[in-house]
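Chemist: this one's sequence-less:
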């Protein structure tokens, strides 16, 4: 039996028509907004659409994902309509070396919008986690597809403690957010993302000139912390995160020198 969208009145469905009216307008980055009841992965679906020539600014939202993905092959799950799970298709003309900023840019947009609308102090763990304290509220995944970039965002909105995928996670409801209505949250995130993306592309991907780097550093939970970074190949590096470079790489001072990291799984260490 197909689940009714109204079986949980605390978790109403999103309206694609309302989102389309609010976000798709002349001069907007967003070209279409589609909401589906269920899919495997919005990133996978939008990647296929990108290969078929879908326009920049295509937005795909799913009420529930059965095969949502995070970095390093991790899964991302939530009950139907308990979170925001969506992907956007971008076709930046910025040179590839600077496109590593897109995942950080999307995280910044989400964190800024949530702080403003939900009044929850969300911070960013490099490269892709949204944290409240040290608990994970959401995450970002960016994938290159035939010259385009698909950016997926997942945020826990109304999950209860017994619904959290891992003990170290949290949700806006658990954090007693001022707003847990997914519609204004999604609109705010997409508008923030559009604003940062336009500034960044107009500056030809220069994170300093566009103000992106300074805004990211102001929201960072990682820079200034002692960290352990688990790197590809099983190697781990422990030191102090000192900054983010012009290409979005994490700078870590360890073993007497400065390391520039383009990938890795960061663990924030408690002060000794």
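Modeler: Yep, it's here. None of the values given here were measured: they were computed from a predicted structure.
Chemist: hang on, isn't residue 182 packed against residue 78?
Modeler: No. Taking Cβ atoms under 8 Å as the definition, residue 182 is not a contact partner of residue 78, at 11.5 Å. Every residue, glycine included, has its C-beta placed from N, CA and C.
Chemist: and residue 208, what are its phi and psi?
Modeler: With angles defined as degrees, to the nearest 10, residue 208 sits at phi -70, psi -50.
Chemist: Let me know the secondary structure of the residue nearest to it when sequence neighbours are not counted.
Modeler: The shortest distance from residue 208 to any non-neighbouring residue, by Cβ to Cβ, 6 or more residues apart in numbering, is to residue 246 (6.6 Å). At residue 246 the chain is in coil, as set by DSSP: H, G, I helix; E, B strand; the rest coil.
Chemist: Could you do residue 117 as well?
Modeler: Reduced to three states by three-state DSSP, residue 117 is helix.
Chemist: For it, give me its contacts.
Modeler: Contact analysis of residue 117 by Cβ atoms under 8 Å, 6 or more residues apart in numbering lists 178-179, 184-185, 188.
Chemist: so what's residue 159 closest to, chain neighbours aside?
Modeler: Spatially, and ignoring its direct neighbours in sequence, residue 159 is nearest to residue 171 (4.0 Å; Cβ to Cβ, 6+ apart).
Chemist: which element is the one you found on?
Modeler: Assessed by DSSP states H and E, residue 171 sits outside every helix and strand.
Chemist: contacting residues around the nearest residue to residue 259 once chain neighbours are set aside?
Modeler: In this structure, residue 259 finds its nearest non-sequential neighbour in residue 252, 4.8 Å apart by Cβ to Cβ, 6+ apart. Contacts for residue 252 (Cβ under 8 Å, 6+ apart) come out as 227, 229, 237, 239-242, 258-259, 261.
Chemist: Need the pLDDT of residue 252.
Modeler: pLDDT, residue 252: 99.
Chemist: about what we covered before: can you list which of the contacts of residue 117 are found in helices?
Modeler: The helices, defined by DSSP state H, take in 184-185, 188 from those.
Chemist: Could you break the protein into its assigned domains?
Modeler: Domain assignment for the chain, taken from automatic domain parsing, gives 16-217, 223-268.
Chemist: Now tabulate those in JSON lines and tack on distance to residue 10.
Modeler: Converted to JSON lines, these look like this (distance: least, Cβ to Cβ, whole Å):
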{"stretch": "domain 16-217", "distance to residue 10": "7"}
{"stretch": "domain 223-268", "distance to residue 10": "33"}
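Chemist: hey, which of these is tucked in deepest?
Modeler: Stretch with highest mean neighbour count among those: domain 16-217 (a mean of 19; mean count of other Cβ atoms under 10 Å).
Chemist: From what I see, the residue nearest to residue 208 and residue 209 are in contact.
Modeler: No. The pair residue 246 and residue 209 fails to qualify as a contact (Cβ under 8 Å) at a distance of 10.1 Å.
Chemist: Touching stretch 175-184 from outside, list them.
Modeler: 14-15, 18-19, 81, 83-84, 114, 117-120, 132, 137, 157-158, 172-173, 185.
Chemist: check contacts around residue 170.
Modeler: Taking Cβ under 8 Å, 6+ apart, one finds 132-133, 135-137, 156, 164 in contact with residue 170.
Chemist: Which one of those residues is nearest to residue 271?
Modeler: Nearest to residue 271 among the contacts of residue 170, counting by Cβ to Cβ, is residue 133 at 14.5 Å.
Chemist: measure the closest one to residue 190 for me?
Modeler: Residue 133 is 26 Å from residue 190, where distance means Cβ to Cβ, to the nearest Å.
Chemist: Then residue 122?
Modeler: In terms of Cβ to Cβ, residue 122 sits 16 Å off from residue 190.
Chemist: what does residue 30 give?
Modeler: Taking Cβ to Cβ as the measure, residue 30 falls 6 Å from residue 190.
Chemist: Alright, calling it a day.
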